[in-house]
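K.L.:
Fold the following for me, if possible:
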Amino acid sequence: MLVHYSNSEKEADAVVAEIRKAGGRAEKVGADLRQADGPHILAKRVRAIVGDRLDILAANAGISKAASIEDTKIEDFDNLFAVNVRAPFFLVQQLLPALCKGSNIIFTSSIAAHASVGALSAYAATKGAVDTLVKHFASALGPRGIRVNAVAPGVVETDMSNFTKTEAGREVTLGMQALKRVAQPDDIAPVVAFLASDDARWITGDTVHVDGGSKL
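P.N.:
Okay, here's the model as predicted:
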């Protein structure tokens, strides 16, 4: 397994160590996906490790920034689209020689692509673009036997959702969900694993909502 990092090398080290402790193989690879050549650099480093075959590509890197329409800055807008849309597009492009029949691509979308959640219009637009890429990539790569899907989490308790650590943030989160608890990364990961598995062999071009019944 290859673990990509941009800023959080220490977290990448921890993930690699955990996988190795469990008997698996893992390496970390770094690249700044805000840069135009970031996906190309990352793909080159990945191919140097995996060679000519990559079975699963889970494109989970992403950034978020809340701002009203009036307060959204061009630099922030461009960074959101660079990391959340441009990077996965060109990462797939550059890794196509290693993707083959039976390979799986899994993107990360968001509930924000389908419902209004806070002051996240620019971020939501990137995730709407991801959902569009899923369908177009699935159609284009299906004849090669490559499946393309996405998961769309709701609010998950991660560093990107620090507001869930406040009482007000938790109340807002729980108020829009049918299931009354804040999601953890472990609630999302099994769905990613399912989409990557042969059990999901007849699913492609789909975005699976994993959001605890948000905004029903």
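K.L.:
residues of the biggest helix by length in the chain that come out buried?
P.N.:
Using DSSP state H to assign secondary structure, the helix with the most residues in the chain is helix 121-141. Across helix 121-141, burial judged by 16 or more other Cβ atoms under 10 Å covers 121-131, 133-134, 137-138, 141. Heads up, the C-betas are built off the backbone N, CA and C, glycines and all.
K.L.:
Now stretch 152-168: buried residues?
P.N.:
Quick answer for stretch 152-168 (16+ other Cβ under 10 Å): 152-157, 161, 164.
K.L.:
Give me the distance from that stretch to the chain's centre.
P.N.:
Computed by Cα atoms, centre = their mean, to the nearest Å, the chain-centroid distance of stretch 152-168 equals 16 Å.
K.L.:
Now do that stretch: distance from first to last residue.
P.N.:
End-to-end distance for stretch 152-168, by Cα to Cα, to the nearest Å: 23 Å.
K.L.:
what ranges do the strands span in the chain?
P.N.:
2-5, 27-30, 56-59, 104-108, 147-153, 207-210 (DSSP state E).
K.L.:
Val172: which of these is closest?
P.N.:
Taking Cβ to Cβ, strand 147-153 is the member of the strands of the chain nearest to Val172, at 16.0 Å.
K.L.:
So which elements touch that closest one?
P.N.:
Applying 3 or more Cβ pairs under 8 Å, 6 or more residues apart in numbering; DSSP states H and E, we find strand 147-153 packed against strand 104-108, helix 121-141, helix 185-196, strand 207-210.
K.L.:
what's it in contact with?
P.N.:
103-111, 113-114, 127, 130-131, 134, 137-138, 141, 183, 188, 191-192, 195, 200-201, 203-211 (Cβ atoms under 8 Å, 6 or more residues apart in numbering).
K.L.:
In that strand, which residues are buried?
P.N.:
147-153.
K.L.:
so can I have TSV of those showing distance to Arg25 and pLDDT?
P.N.:
Shown next, in TSV, are these (distance: Cβ to Cβ, whole Å; pLDDT from 0 to 100):
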residue	distance to Arg25	pLDDT
Arg147	23	98
Val148	25	98
Asn149	25	98
Ala150	26	98
Val151	24	98
Ala152	30	97
Pro153	27	96
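K.L.:
which residues does Ser214 contact?
P.N.:
Taking Cβ under 8 Å, 6+ apart as the test, what Ser214 contacts is 111, 115, 154-155, 176-178.
K.L.:
Give the ChimeraX command for selecting the buried subset of the residues you listed.
P.N.:
Of the contacts of Ser214, the buried ones go into a single ChimeraX selection, burial set by 16+ other Cβ under 10 Å:
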select :111,154,155,176,177
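K.L.:
so where is the chain shaky, pLDDT-wise?
P.N.:
1-8 (pLDDT under 70).
K.L.:
nearest residue to Lys101 other than its sequence neighbours?
P.N.:
Gly145 (3.2 Å; Cβ to Cβ, 6 or more residues apart in numbering).
K.L.:
And Asn84, by the same measure?
P.N.:
Counting by Cβ to Cβ, 6+ apart, Thr126 is the residue found nearest to Asn84 once chain neighbours are left out, at 3.7 Å.
K.L.:
what sits against the one you found?
P.N.:
Listed by Cβ under 8 Å, 6+ apart, the contact set of Thr126 reads 62, 80-81, 84-85.
K.L.:
Mark which of those residues are buried, thanks.
P.N.:
The buried subset of those (16+ other Cβ under 10 Å) comprises 62, 80-81, 84-85.
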